[in-house]
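Enquirer: after the sequence you'll find the predicted model.
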Amino acid sequence: MSAIALGDDGVTRCAWGDSTSEYRAYHDTEWGFPVADDVRLFETLCLEGFQAGLSWLTILRKREAFRAGFAGFDPEQVATFGDQDVARLLADAGIVRHRGKIEAAIANAHAVLELRAAGRPLPELVWAYRVDGPVPRSSRDWKATTPGSEALSKELRKAGFRFVGPTTVYSTMQACGVVNDHLATCPARAATERARQAVSL
C-alpha cells in the first residue's frame, strides 16, 4: 500500500492530503515544513491538543477562529487569560469548546514563558528531538508514537505543558518538520527536506 494519490488537480501527494481542498493546501504548503519559532510551535501544540478525539480537518476549518480567540497564540497574551477569557472561549462556537483544553492552552502559554526565562526556549527543546530518517515508503511506516515523542512528551509535561501525550506530540513533530513523514514518492518531500536542512538551533 503506497498511500500516494494522484489528485484531480494533477498533483501527486500523500493520500491523506488529497481528500479535501483544506487538506491539499495544508499538505502541500505546511505539513512537514519546519516551524522553529515559539509562537507557531505553541499554536501547533495547542491545536493538536484540541484535535484529540476529533479530525484534523475540524481543527483546520476552525483555525482562524482559534487564532482570533487566542490572540494569535501569542503566549505572552494568552498567559494573561483569566476566568473571563475562559468563559468567553467556552461561548465561542467557532472553536472547540472544551474547558480542559482551553485551560491547558493557557497553562501551556505559561510554560512557554517559563522555558524562555530558563534559557531553553520551546523551539530548542522540541528540535532537540529532530529525526532525520528513515524515509517512510508506505503508510505502514507511519507511526502514532515513537520513543522520541514519548521522551519529548515527558519533558513537556515536566515543564508544565498539558494535553501533550506522545500521540499529540508526534503529530506536532510531523506538522512542524521535526520529523519528515512525507512518503519517499511524495513530491512535497524534497521541498520539506530542503527547508528542514536549513534549520539550525
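Expert: Received, thanks.
Enquirer: going by C-alpha atoms from here, please, whenever you check contacts or count neighbours.
Expert: OK.
Enquirer: name the helices or strands packed onto the lengthiest helix in the chain?
Expert: Ranked by residue count and defined by DSSP state H, the top helix of the chain is helix 99-117. For helix 99-117, the elements it packs on are helix 38-51, helix 75-78, helix 83-90, helix 122-127, judged by 3 or more Cα pairs under 8 Å, 6 or more residues apart in numbering; DSSP states H and E.
Enquirer: what would those look like in TSV with mean pLDDT and distance to Leu57?
Expert: As requested, the helices and strands packed on helix 99-117 are arranged in TSV below (pLDDT from 0 to 100; distance: least, Cα to Cα, whole Å):
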stretch	mean pLDDT	distance to Leu57
helix 38-51	97	9
helix 75-78	98	24
helix 83-90	98	20
helix 122-127	98	24
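Enquirer: tell me which of those lies nearest to Gly69.
Expert: Closest approach to Gly69 among those is made by helix 83-90 (6.6 Å; Cα to Cα).
Enquirer: okay, the closest one in PDB with CA atoms only?
Expert: Output in PDB follows, covering the C-alpha atoms of helix 83-90 (Å, rounded to 0.1, in the frame of the first residue of the first chain):
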ATOM      1  CA  ASP A  83     -11.700  33.300  34.200                       C
ATOM      2  CA  GLN A  84     -13.500  35.800  31.900                       C
ATOM      3  CA  ASP A  85     -11.400  34.600  29.000                       C
ATOM      4  CA  VAL A  86     -12.200  31.000  29.700                       C
ATOM      5  CA  ALA A  87     -15.900  31.900  29.800                       C
ATOM      6  CA  ARG A  88     -15.600  33.900  26.600                       C
ATOM      7  CA  LEU A  89     -13.900  30.900  24.800                       C
ATOM      8  CA  LEU A  90     -16.500  28.400  26.100                       C
END
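Enquirer: comparing the helices and strands packed on helix 99-117, which comes out most buried?
Expert: helix 38-51 (a mean of 22; mean count of other Cα atoms under 10 Å).
Enquirer: contacts for the helix or strand that that one is followed by, please.
Expert: On the C-terminal side of helix 38-51, the closest following helix or strand by DSSP states H and E is helix 56-69. Outside helix 56-69, the residues within contact range by Cα atoms under 8 Å, 6 or more residues apart in numbering are 22-23, 47-48, 50-51, 72-73, 89, 92, 94-95.
Enquirer: show me which pair in those is furthest apart.
Expert: So, these by Cα to Cα: farthest apart are Tyr23 and Leu89, at 25.8 Å.
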